[in-house]
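Enquirer: Got a predicted structure plus its sequence, pasted below:
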Amino acid sequence: MKSYVNMSAAELGSELTLLKARYEEYKAMNLSINMKRGQPSPEQLDLSNHMFDGIADSGYRAADGCDVRNYGNPAGLAEARKVFGDIIGTDADNIFLGNSSSLNMMFDTLMRAMVFGEIDSDKPWSQIEGRKWLCPAPGYDRHFRVTETLGFELILVPMTENGPDMDIVEKLVAGDDKILGIWNVPCYTNPDGVVYSEETCKRLANMKTAAKDFRIIWDNAYVCHHLFDEAENRGKLPDMLSLCAEAGYPNRVYEFASSSKVTFAGGGLSCLAANKDNLERAKKYMGVQAICSNKVNQYAHVRFLPDSKAVDEIMKKHAAILRPKFKTVIDILVEEFGDNNDICRWTNPKGGYFISFYALPGTAAKTVSMCADIGIALTPAGASFPYGKDPDDTNIRLAPSFPQVEEIEKAIRILSVCAKITAVEKLLEEKQ
C-alpha cells in the first residue's frame, strides 16, 4: 500500500474518491454481519451436543457415590474440581465450582469484599471513600463495568507485549492505599491476545502495595483456548496462587476459569480458585447464598471431559474451526494494508477469541460508525477501555468466532475501506 502520510493533498483527494466508490459498492450489498462479541459459532457448540447422552441411564452417581440430583457437595464434585485444577495448574482442593458464569463469581467475590471486607481488611470496602481499581487496557469491558458499578474509580494502565506496564503498576500500588486491586486476563488477553510473561506474573505477585488487602483478579478465561497445537505456540503461565504464596502474599489472588467456550456458552461450569484461607472464608458466605451448584451439569461435563487430555482434544477441534477465521482476518488486512503501512496495525494472536485492530489515532469511532452504516456490527470503539473511552480513539476489537469465513472476508474488506477513508480524511484535514 502506498504511504498515505507522504501523499500530497491532491493525491489524498484522488485516493478518497476511489475509496468512496468502493464503499458505495459494499453499501449496495445490504449486508448484515455481526462481529460484536466473542460468541462460539454453532459448529463449535455442536461439538458438545452429546454431552448429556446416556446420563439418565448412568445412575447419576458421582465418583464418591453421591446422587448428583440431590443437595450436597457445595464446592462441587471432586472429579470436576480435579479437571479444573489440572487445566489451570493448581490443586483440586483450591477449587470451588459454580454455574455457567465466571463473571458472576467475580462479581460475587468483589461484593463479599464490599460487604465484609477481606481477611486482612480493616473494614468493608464499601466504607472506603475514593476506592480505586487498576484496569489494564485494552481489556475486557465487562470487567471494567463490574468495578465501575461498585463505585471504584477506574485507573487505566497501558498494556505491553508482556502484560500490563509493570513500572506503572508498581508505582501506583506502592503510593496509594485506595487502590484495592487489578483486573487481569493473563492468557490471550481480551482483545490483544497477549500472554503475560513470567516476569510480569512474578512482579505482580511480589510488588509492594500500600493497601494491605490488595487483590489480583486473575481471569484465566482462555487458558486452554490455543489456536495451534505446537507447544511453542501455546501460551503458558506459572501458577499464580503459588507465586503469591512464595512472595509472602498468599491471600493476594483470586483465579477464575470456565468451560463456557469449551462446551456450551450458556450452560457450562465456572470455578473460583484461591488459597485455603480465602477459600474457606468465601465458602462461609457462599454457603449462606446457595446450598450447591448444578451438580447434574458437573456430572455431565466430567463424563464427557473426564480429564485435561479430553479437554485438550475438544479444544483442538475448536481450534480447527477458529483458525481459518483468524487467518482470514489477518490475510485480508495484510492484503489491504501491507506488512508495513503508516495508518494502522493489528495483533496476530495465537489463541483466545479476539484480534485488536488499531486505526489511525482519532479515527476508530468513525470507522466503526461507517461499518455500521453498511451493515457490519463491530464492538463500539473504546469499549475495551475504562468508561468506554479510548484516549487515542484507535482500538477496534474484532471478534471473528461467530460469522462464517465468507462473512468475515466481506466484513474485513469493509473495515479496511472504512479505516482508509477515515485516515485519508483526517490526513487531508491536517494538511489543509
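Expert: Yep, that arrived.
Enquirer: List the strands paired with the longest strand anywhere in the chain, with their directions.
Expert: In the chain, with assignment by DSSP state E, the single longest strand is strand 153-160. If you go by DSSP bridges, strand 153-160 pairs up with strand 132-137 (parallel), strand 163-164 (antiparallel).
Enquirer: Out of the ones you listed, the one nearest Cys371 is which?
Expert: Nearest of these to Cys371, taken as C-beta to C-beta: strand 132-137 at 21.8 Å. Placement of C-beta: from N, CA and C, glycine included.
Enquirer: quick one: that closest one to chain centroid distance?
Expert: Relative to its chain's centre, strand 132-137 lies at 14 Å (C-alpha atoms, centre = their mean, to the nearest Å).
Enquirer: Now do the helices in the stretch 101-250 of the chain.
Expert: Secondary structure of the stretch 101-250 of the chain (DSSP state H, counting those that start in this stretch): helices located at 102-116, 141-149, 166-175, 198-206, 240-246.
Enquirer: Tell me which of those helices sits nearest to Pro158.
Expert: Nearest of these (C-beta to C-beta): helix 166-175, 7.0 Å.
Enquirer: Which residue, neighbours along the chain excluded, lies closest to Gly13?
Expert: Leu428 (6.9 Å; C-beta to C-beta, 6 or more residues apart in numbering).
Enquirer: Surely the one you found forms part of a strand?
Expert: No - the assignment for Leu428, made by DSSP: H, G, I helix; E, B strand; the rest coil, is helix rather than a strand.
Enquirer: surely it meets Ser14?
Expert: No - Leu428 lies out of contact with Ser14 (C-beta atoms under 8 Å); the separation is 11.1 Å.
Enquirer: I figured Lys36 hits Leu398, correct?
Expert: No - with contact defined as C-beta under 8 Å, Lys36 does not reach Leu398; the gap is 9.9 Å.
Enquirer: residues shared between the contacts of the two?
Expert: Leu378 (C-beta atoms under 8 Å, 6 or more residues apart in numbering).
Enquirer: follow-up on the earlier one: okay, Leu428 and Ser14: which has more neighbours?
Expert: Higher neighbour count among Leu428 and Ser14: Leu428, with 16 against 12, using other C-beta atoms under 10 Å.
Enquirer: And the more buried one, how far from Asn94?
Expert: 58 Å (C-beta to C-beta, to the nearest Å).
Enquirer: And Ile414, by the same measure?
Expert: From Ile414 to Asn94 the distance is 46 Å (C-beta to C-beta).
Enquirer: can you check Cys244 too?
Expert: 12 Å.
Enquirer: so what sits against both of the two?
Expert: Counting by C-beta under 8 Å, 6+ apart, the residues touching both Cys244 and Asn94 are Asn275.
Enquirer: what residues are up against the residue nearest to Gly13?
Expert: So Leu428 contacts 9, 12-13, 16 (C-beta under 8 Å, 6+ apart).
Enquirer: coming back round to it: I'd like the helices of the stretch 101-250 of the chain as TSV, with mean pLDDT, distance to Leu360 and mean neighbour count appended.
Expert: Converted to TSV, the helices of the stretch 101-250 of the chain look like this (pLDDT from 0 to 100; distance: least, C-beta to C-beta, whole Å; neighbours: other C-beta atoms under 10 Å):
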stretch	mean pLDDT	distance to Leu360	mean neighbour count
helix 102-116	97	33	18
helix 141-149	98	22	19
helix 166-175	98	25	16
helix 198-206	98	29	18
helix 240-246	98	37	20
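Enquirer: mind checking which of those is nearest Gly267?
Expert: helix 102-116 (13.5 Å).
Enquirer: Which residue ranges make up each domain of this structure?
Expert: The record's domain parsing of the chain by automatic domain parsing lists 9-44+313-431, 61-306.
Enquirer: Let's have those domains in TSV, adding distance to Ser3.
Expert: Shown next, in TSV, are the domains of the chain (distance: least, C-beta to C-beta, whole Å):
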stretch	distance to Ser3
domain 9-44+313-431	5
domain 61-306	25
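Enquirer: Name the residues of the biggest helix by length in the chain that come out as buried.
Expert: If you go by DSSP state H, the chain has its longest helix at helix 308-337. Residues 308, 311, 314-315, 318-319, 322, 325-326, 328-330, 332-333, 336-337 are the ones in helix 308-337 that count as buried (16 or more other C-beta atoms under 10 Å).
Enquirer: Mind giving me the packing neighbours of that helix?
Expert: helix 42-46, helix 78-88, strand 345-346, strand 355-358, helix 405-431 (3 or more C-beta pairs under 8 Å, 6 or more residues apart in numbering; DSSP states H and E).
Enquirer: Compare those and report which one is nearest to Gly193.
Expert: strand 355-358 (6.9 Å).
Enquirer: mean confidence score for that closest one?
Expert: The average pLDDT within strand 355-358 is 98.
Enquirer: for Val253, which residues make a bridge with it?
Expert: Ile216.
Enquirer: isn't it right up against Ser242?
Expert: No - between Val253 and Ser242 there is no contact under C-beta under 8 Å: 9.8 Å.
Enquirer: So what's the residue count around the nearest residue to Pro250 once chain neighbours are set aside?
Expert: Among residues not flanking Pro250 along the chain, Asn275 sits closest, at 4.8 Å (C-beta to C-beta, 6+ apart). Burial of Asn275 is recorded as 20 neighbouring residues (other C-beta under 10 Å).
Enquirer: Kindly report the same for Leu12.
Expert: Neighbours of Leu12 (other C-beta under 10 Å): 20.
Enquirer: helix, strand or coil for it?
Expert: helix.
Enquirer: In contact with it, which residues?
Expert: 4, 424, 427-428, 431.
Enquirer: hmm, try it at 10 Å
Expert: 4-5, 423-425, 427-429, 431-432 (C-beta atoms under 10 Å, 6 or more residues apart in numbering).
Enquirer: Show the buried residues in these.
Expert: Looks like the contacts of Leu12 have 4, 423-425, 427-428 buried, using 16+ other C-beta under 10 Å.
Enquirer: quick check, nearest of these to Asp167?
Expert: Nearest member of the buried ones among the contacts of Leu12 to Asp167, counting by C-beta to C-beta, is Ala423, at 31.5 Å.
Enquirer: can you pull the pLDDT of the closest one?
Expert: pLDDT, Ala423: 97.
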